[in-house]
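Enquirer: After the sequence you'll find the predicted model.
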Amino acid sequence: MFSFTTVAQQITSIEAADPTDTIHIYPNPTHGLLEITFQNDHTPVYLVIYSPLGGKILEQTGIVKGDKIVLDLNKIASAGTGIYLVRFVQSGREINRSIIVE
């Protein structure tokens, strides 16, 4: 026999929107051209892309002008088809996404 007790919670504030909702990585799957759109606060962006075997194929940090980063994965010598991991960090906003390169 199980017994559960629930505690009523009172909402006292509205939390800020989830920062991952403001960062979009597309298209997924892709044929090599990848776009990352985000709400830019003009602080440094840290961007890393990991290969299907876990090695870093791209790592960059810098301030981005505008609100979009366009990457051509076909220009990265070691990029081929497979599942890649994209990590984007800016001002405490962090998103990790798997992308498929066809």
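Expert: Structure received.
Enquirer: so residue 43 makes contact with residue 89?
Expert: No. With contact defined as CB atoms under 8 Å, residue 43 does not reach residue 89; the gap is 10.2 Å. Where C-beta positions appear, they are placed from N, C-alpha and C, glycine not excepted.
Enquirer: more neighbours, those two?
Expert: residue 89 (16 against 11; other CB atoms under 10 Å).
Enquirer: Quick check: beta-bridge partners of the more buried one?
Expert: For residue 89, the beta-bridge partners under DSSP bridges are residue 46, residue 94.
Enquirer: Same check on the one 10 residues further on?
Expert: In this structure, residue 99 bridges to residue 84 when assessed by DSSP bridges.
Enquirer: Run through this protein and note the low-pLDDT ranges.
Expert: Judged against pLDDT under 70, the low-scoring parts of the chain cover residues 1-21, 77-79.
Enquirer: the strands in it, which residues?
Expert: According to DSSP state E, the chain carries its strands in the segments 24-26, 33-37, 45-50, 56-62, 68-72, 82-90, 93-101.
Enquirer: since we're on the residue nearest to residue 70 when sequence neighbours are not counted, how many residues are nearby?
Expert: In this structure, residue 70 finds its nearest non-sequential neighbour in residue 35, 5.4 Å apart by CB to CB, 6 or more residues apart in numbering. As a burial measure, residue 35 scores 13 neighbours (other CB under 10 Å).
Enquirer: Go ahead and confirm residue 35 touches residue 67.
Expert: No. The pair residue 35 / residue 67 is not scored as a contact, 10.7 Å apart, by CB under 8 Å.
Enquirer: Would you mind measuring from residue 42 to residue 90?
Expert: 9 Å (CB to CB, to the nearest Å).
Enquirer: the more surrounded of these two?
Expert: Neighbours around residue 42 and residue 90, counted as other CB under 10 Å, are more numerous at residue 90. The numbers are 21 against 10.
Enquirer: any idea how far the closest residue to the more buried one other than its chain neighbours lies from residue 34?
Expert: Taking CB to CB, 6+ apart as the measure, residue 90 lies nearest to residue 45, with 4.7 Å between them; neighbours along the chain are not counted. Going from residue 45 to residue 34 by CB to CB gives 14 Å.
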